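[1] based on what follows, work out the 3D shape:
(one chain, ligands or ions: 2)
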Amino acid sequence: LENPKPEVSHPHTQRILDQAAALLKDGQVVGMPTETVYGLASNALDSVAAQRIFKAKNRPQDNPLIVHVSSLQMLRSILKDNTIPEVYTDLIRTYWPGPLTLLFPRSSLIPNEITCGQPMVAVRFPSHPITRALISTTGLPLAAPSANSSGKPSPTLASHVMDDLQGKIPMIIDGGQCSFGIESTVVDGLRVPPAILRPGGVTYEQIRQVKGMETVQVYKKHFTDAAMEQAPTTPGMKYRHYSPEAEVVLVEYVGGAGSGAGSSQATTGQYSAITKEIDRLKQEGKTRFGILRTSFDSALQSNSSLQADGVIEFPLGQRSKPEDVARELFRGLRFLDSQHVDCIFVEGISEDDEGLAVMNRLRKAASRTISSDTTEFL
Ligand code: TXA
Ligand code: MG
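    Ligands and ions are numbered 1, 2, ... in the order given. Just a heads-up that it's a prediction; the model follows:
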């Protein structure tokens, strides 16, 4: 396994930020690190620059962009009546700067290309020092989707951005590995009741603790809503997402009370479910398989490599630490894809805390799900 540790950040001098800011002011796009995933930034007030983002990513034209700000003054400047709705006061106080995106009525300064014609604009105040410094050096709000080719897993390393967009964009700022590794939570606080449109870095459990957000709705596992499926306003409902080249199979833990931890027969379950499936695929002529593991302690798995039976394992961390799984998830999908496996099995986790965002991304990445009644999870 290459690069198991986060890359060391390069020293980021003002000179680099100035260079990036000059490109952005000139209407170009720049790859930038954030605390969630890498973003592909452009001047949010420039419709031609926004079009460059859609082109570089090959992004569907009806999927709106998040605008990034580095101050509340900058936020007000792009809002209807230059006013922050009161319902957001406590959310902003508690979770900004950070991995939380909020929907606001926009001012006419925000071009249609950013919101895809909708009256609401999604805004985030990132906490990553480089992102903030880049926004304030440029002096402009920056539109930025994740810096992957549309449909691919989001990038959590600068090298992932290179893999997808090299030759299509003039500059990528390398800030090392993203600390959350999964995108921001998107909240529409102006609906009644408020809704989490996309689970992410700030958890449902955290948001509903905030004054005014007690009734916040979130769509969990068996969410299906035809209207939502049609609506491009709802993050990630419409398009194929997070998909590497290989087929992704989600392995869901369905163990009930009778098969809980501590059972003395903890020997089959997930392993046999995956092993059985691998045997079947081998008969179809498939030879290489990847497994994103959440069932082992990473320390025990540090020597993951191609094993004799054609299986490569990549540890995502323990299922009891969903924040670790979130950080490694996209890197793991991209790593196994680079190993040209035919099929990637991912061990699912529970939907608590960061686990909700992890499972949301996995359900979008997976083309099918198999169940396991394993008791072998740690
Ligand atoms: O963490 C993040 O949010 C990262 C970093 C770069 O900030 N950005 C990101 O952008 O994930 P993107 O484009 O990959 O996802 C943004 C999601 C989209 O699914 C989009 O549908 C939703 O936010 N969105 C953007 N503007 C919206 C709007 N006006 N109304 C509803 N949803 C919106
Ligand atoms: Mg994205």
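[2] now the strands for the protein?
    Along the chain, the segments classed as strands by DSSP state E run 30-32, 39-43, 66-68, 100-105, 120-124, 142-143, 185-188, 195-198, 217-218, 247-253, 289-293, 311-315, 343-347, 368-372.
[3] just checking, Asp188 touches Met213?
    No - using C-beta atoms under 8 Å, Asp188 makes no contact with Met213, being 11.3 Å away. Yep, even glycine has a C-beta here, placed from its N, CA and C like the rest.
[4] need the overlap of contacts for those two.
    Listed as contacting both Asp188 and Met213 by C-beta atoms under 8 Å, 6 or more residues apart in numbering are Pro194.
[5] separation between the residue of the stretch 51-200 of the chain found nearest ligand 1 and Gly317?
    Relative to ligand 1, the nearest point of the stretch 51-200 of the chain is Pro145 (2.9 Å; C-beta to the nearest ligand atom). Distance from Pro145 to Gly317, counting by C-beta to C-beta, to the nearest Å: 26 Å.
[6] go on, Arg293?
    The gap separating Arg293 from Gly317 is 9 Å, by C-beta to C-beta.
[7] same question, Gly117
    Going from Gly117 to Gly317 by C-beta to C-beta gives 41 Å.
[8] so can I have CSV of the strands of the chain showing distance to Ile84, mean pLDDT and mean neighbour count?
    What follows is the strands of the chain, written out as CSV (distance: least, C-beta to C-beta, whole Å; pLDDT from 0 to 100; neighbours: other C-beta atoms under 10 Å):
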stretch, distance to Ile84, mean pLDDT, mean neighbour count
strand 30-32, 25, 98, 27
strand 39-43, 22, 98, 30
strand 66-68, 14, 98, 26
strand 100-105, 8, 98, 23
strand 120-124, 10, 98, 24
strand 142-143, 19, 98, 30
strand 185-188, 14, 98, 24
strand 195-198, 19, 96, 22
strand 217-218, 22, 94, 17
strand 247-253, 39, 92, 21
strand 289-293, 40, 95, 26
strand 311-315, 42, 94, 21
strand 343-347, 39, 96, 25
strand 368-372, 41, 90, 16
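[9] need the helices for the stretch 151-300 of the chain, in chain order.
    Taking DSSP state H, counting those that start in this stretch as the test, the helices found in the stretch 151-300 of the chain are 158-165, 204-207, 226-230, 269-283.
[10] most tightly packed of these?
    Ranked by mean neighbour count, those are led by helix 158-165 with a mean of 21 (mean count of other C-beta atoms under 10 Å).
[11] lowest average pLDDT across the helices of the stretch 151-300 of the chain?
    Across the helices of the stretch 151-300 of the chain, helix 226-230 has the smallest mean pLDDT, namely a mean of 43.
[12] get me the contact residues on the chain for ligand 1.
    Applying C-beta under 6 Å from any ligand atom, we find that the chain lies next to ligand 1 at 34, 36-37, 39, 63-66, 99, 101, 103, 115, 118, 120-122, 124, 144-146, 183-184, 186, 197, 233, 235-236.
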